[in-house]
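Q: coordinates only, sequence not included:
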């Protein structure tokens with residue numbers, strides 16, 4: 001497998017405070033860069049070193065050794081694309097690390113803390129990522145084909161091309177571009193898939209590096225991305241991932257399970273190997289279900305050391321990881337998970353600083369890593385047990401500006417309005433206007449404050465116009481006691497026929513002169529409902545008037561009215577108005593104390 005990408009930053013205390021607890025959509029601009037650096041679909045959360053559980057207990061000296069290996073390659077790379085800011089920042093930290101010889105783990109930890117800032121990274125909307133394991137298989141092989149060694153290991157075909165890729169510029173892309181072959185008309189078409197290649201599509205092209213015994217061994221080598229082939233004369237041949245045919249990987253285990261050949265609970269490499277040996281014809285169709293096919297390159301002829309990852313440096317067991325190429329090689333990641341490292345024992349806390357040095361076509365996402373465990377069967381058993389979730393903390397160089405990233409943090413979705421609902425249909429216009437309540441003038445005791453009104457809902461149909469206005473005004477002058485609330489009035493309903501006009505008005509008047517007993521107050525009205533037919537016009541008005549002159553007992557004040565609902569049909573016009581007021585007799589009848597303006601007091 002192969003890994004790759006780094007993103008680094010550490011800000012001063014003020015920066016951390018300004019971004020504390022913020023989840024930053026991954027668009028971090030570097031202070032020294034010309035433009036922002038982007039990792040699409042990712043989120044960042046700046047942390048403090050003290051918030052990393054298990055950070056101080058790790059062996060930072062071992063992590064620093066792996067990091068120095070990456071620095072040898074990183075210092076030689078120069079980018080000019082949108083990731084140049086991160087690459088340059090990592091290279092600047094590497095210049096400090098290359099000649100450094102920390103005496104112990106404590107000194108190595110201080111180096112990381114002084115040059116990086118921890119930032120939790122995850123896919124947008126998620127809290128954790130996915131961890132798997134990989135290793136270097138060791139298999140027997142031969143330079144020549146034979147009945148014992150019938151399975152070829154291919155190098156990259158000359159006719160395999162990637163859209164837009166220029167040979168010799170960078171490593172052959174493993175995803176994100178169209179991969180195939182050119183026809184005589186220079187048309188890019190899909191390359192041969194696994195079934196075609198195993199059937200002989202590449203025979204005679206002289207692409208064989210060596211031959212091995214088992215097609216399942218080939219499949220394992222292709223999944224792991226590297227191998228150590230021990231030739232017949234004892235020479236170790238080291239091979240590593242070079243490219244693939246452009247198809248997405250599909251696991252053989254899934255093919256076995258979907259065809260009910262091996263139960264999922266009993267699935268293992270040995271069980272699949274035995275089944276394929278017993279059913280060679282059916283085994284070819286099982287392997288062909290995974291159309292992806294990987295090609296290799298020779299990286300050495302020695303048993304010494306570890307395989308070389310995609311960054312071009314030897315991998316370190318337990319410290320190297322393969323990551324998505326959205327990251328830069330050489331980026332440190334602190335991994336926090338519970339993993340079953342020891343066989344037969346439950347998963348235990350795994351908190352370790354690891355370095356991105358490899359990548360792979362199946363490694364996709366900002367919080368996705370393949371952990372390298374070494375070579376051989378023991379390493380293979382550990383790798384085979386790991387498929388667990390884990391938290392990723394990426395170490396960003398301090399020179400990158402996290403404040404700029406914070407300025408592009410997504411805003412929360414506005415809360416829905418609950419005070420008023422306005423439902424409108426096609427071609428309908430309308431407005432609901434409430435008026436202020438409890439206005440007083442002169443010396444008097446304040447009138448009772450009405451309870452908040454419920455939702456005013458206005459529903460309109462096509463080609464109709466209407467307005468619902470409600471107001472409660474308790475205006476009074478002079479010395480008097482507040483009017484007690486009257487009971488709700490019964491509904492006033494006006495029904496009109498197509499060509500009829502009418503008006504229904506109801507009023508309670510307590511107009512008196514001199515000394516007299518007040519008239520009994522009528523109960524407050526419930527919602528006034530006006531129903532109109534297509535050609536009818538009408539108007540329903542109701543008012544409570546407590547107009548008094550001289551000395552008398554106050555009339556009870558009306559309680560707040562319930563929602564006024566107006567339903568209108570096509571071509572109908574109407575208006576419903578309700579108002580509760582206590583006025584003196586000196587006020588003119590046509591000058592009511594309620595004035596609801598059409599637009600200046602609309603409630604939104």
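A: Yes, it's here. Small disclaimer: the values here were computed from a predicted structure and weren't measured. Numbering: from 1, shown residues only.

Q: now for the helix or strand harbouring residue 71, which elements pack on it?
A: Element membership for residue 71, per DSSP states H and E: helix 60-74. Applying 3 or more Cβ pairs under 8 Å, 6 or more residues apart in numbering; DSSP states H and E, we find helix 60-74 packed against helix 84-98, helix 105-115, strand 348-358. Using the backbone N, CA and C atoms, a C-beta is placed for each residue, glycine as well.

Q: how about it: buried residues?
A: Going by neighbour count (16 or more other Cβ atoms under 10 Å), the buried part of helix 60-74 is 60, 62-64, 66-71, 73-74.

Q: so which of the helices and strands packed on helix 60-74 is the most packed in?
A: strand 348-358 (a mean of 23; mean count of other Cβ atoms under 10 Å).

Q: that one pairs with which strands, parallel or anti?
A: strand 320-323 (parallel), strand 332-339 (antiparallel) (DSSP bridges).

Q: what's the most buried one of these?
A: Buried most deeply of those, by mean count of other Cβ under 10 Å, is strand 320-323, with a mean of 31.

Q: for it, what is the average pLDDT?
A: When pLDDT is averaged over strand 320-323, the result is 97.

Q: next one: stretch 90-100
A: Averaging pLDDT along stretch 90-100 yields 93.

Q: next one: stretch 138-146
A: 96.

Q: that one: which residues count as buried?
A: 138-139, 141-142.

Q: what two of those residues have the greatest distance between them?
A: 138 and 142 (15.0 Å; Cβ to Cβ).

Q: just to revisit the earlier point, which ones among the buried residues of stretch 138-146 lie within strands?
A: 138-139, 141-142 (DSSP state E).

Q: the closest residue in space to residue 236 that isn't next to it in sequence and residue 70, how far apart?
A: What sits nearest to residue 236 in space, not counting adjacent residues and going by Cβ to Cβ, 6 or more residues apart in numbering, is residue 303, at 4.4 Å. Using Cβ to Cβ, to the nearest Å, residue 303 is found at 24 Å from residue 70.

Q: repeat for residue 77
A: 11 Å.

Q: and what of residue 261?
A: 43 Å.

Q: now the residue nearest to residue 236, what's its secondary structure?
A: Three-state assignment for residue 303 (DSSP: H, G, I helix; E, B strand; the rest coil): coil.

Q: thinking again about what came up before, output the ones in strands among the buried residues of stretch 138-146 as TSV; include the columns distance to residue 375.
A: As requested, those are arranged in TSV below (distance: Cβ to Cβ, whole Å):
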residue	distance to residue 375
138	6
139	11
141	15
142	20
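
Q: right, and the helices and strands packed on helix 60-74 - which one's nearest residue 49?
A: helix 105-115 (5.6 Å).

Q: pLDDT of that closest one, averaged?
A: For helix 105-115, the mean confidence score works out to 97.

Q: with adjacent residues omitted, what lies nearest to residue 122?
A: Nearest residue to residue 122, sequence neighbours excluded (Cβ to Cβ, 6+ apart): residue 367, at 4.7 Å.

Q: same check, this time on residue 120
A: The nearest residue in space to residue 120 (Cβ to Cβ, 6+ apart) is residue 45, at 4.2 Å.

Q: tally of neighbours for that neighbour?
A: Neighbours of residue 45 under the rule other Cβ atoms under 10 Å: 18.

Q: please apply the same query to residue 100.
A: A count of neighbours around residue 100, defined by other Cβ under 10 Å, yields 12.

Q: got phi/psi on residue 203?
A: Main-chain dihedrals, residue 203, degrees, to the nearest 10: phi -60, psi 140.

Q: and the gap between it and residue 145?
A: Using Cβ to Cβ, one obtains 11 Å as the distance from residue 203 to residue 145.

Q: likewise for residue 207?
A: Residue 207 is 13 Å from residue 145, where distance means Cβ to Cβ.

Q: list the residues that contact both of the two?
A: residue 152 (Cβ atoms under 8 Å, 6 or more residues apart in numbering).

Q: and residue 64, what does it touch?
A: Shown in contact with residue 64 (Cβ under 8 Å, 6+ apart): 97, 102, 108, 111-112.

Q: tell me where the stretch 301-450 of the chain is predicted with low confidence.
A: By pLDDT under 70, the weakly predicted segments of the stretch 301-450 of the chain are 401-450.

Q: likewise for the stretch 51-200 of the chain?
A: Applying pLDDT under 70 to the stretch 51-200 of the chain flags residues 78-82, 168-170.

Q: let's go with 80 and repeat that
A: 75-84, 164-171, 173-176 (pLDDT under 80).

Q: hmm, back to that, list the helices and strands the host helix or strand of the residue nearest to residue 120 packs on?
A: Here residue 45, judged by DSSP H and E, is contained in strand 36-46. Strand 36-46 is packed against helix 13-19, strand 24-29, strand 116-123, helix 402-406, with contacts defined by 3+ Cβ pairs under 8 Å, 6+ apart.

Q: number of nearby residues for residue 342?
A: Using other Cβ under 10 Å, the number of residues around residue 342 comes to 11.

Q: got phi/psi on it?
A: Dihedral angles for residue 342 - degrees, to the nearest 10 - are phi -90, psi 130.

Q: find the nearest non-adjacent residue to it, please.
A: Going by Cβ to Cβ, 6+ apart, residue 342 has residue 348 as its nearest residue, at 7.4 Å.

Q: am I right that that neighbour is in contact with residue 341?
A: Yes. Taking Cβ atoms under 8 Å as the definition, residue 348 is a contact partner of residue 341 at 6.6 Å.

Q: and the gap between residue 396 and residue 301?
A: 39 Å.

Q: the two: which has the busier surroundings?
A: With neighbours defined as other Cβ under 10 Å, residue 396 and residue 301 compare such that residue 396 has more, 30 against 10.

Q: now the more buried one: which helix or strand?
A: Assigned by DSSP H and E, residue 396 belongs to strand 387-397.

Q: packing partners for that strand?
A: In terms of contact count using 3+ Cβ pairs under 8 Å, 6+ apart, strand 387-397 is assigned the packing partners helix 84-98, strand 116-123, strand 129-136, strand 332-339.

Q: of those, which approaches residue 400 most closely?
A: Of all those, helix 84-98 sits nearest to residue 400, with 5.4 Å by Cβ to Cβ.

Q: does anything pack onto that closest one? Which helices or strands?
A: helix 60-74, helix 105-115, strand 387-397.

Q: the inter-axis angle of the second one versus helix 84-98?
A: Computed with axes from the mean of the first three to the mean of the last three Cα atoms, to 10 degrees, the direction of helix 105-115 lies at 150 degrees from that of helix 84-98.

Q: between helix 105-115 and helix 60-74, what angle do the directions make?
A: Going by the same axes, to 10 degrees, helix 105-115 makes 50 degrees with helix 60-74.
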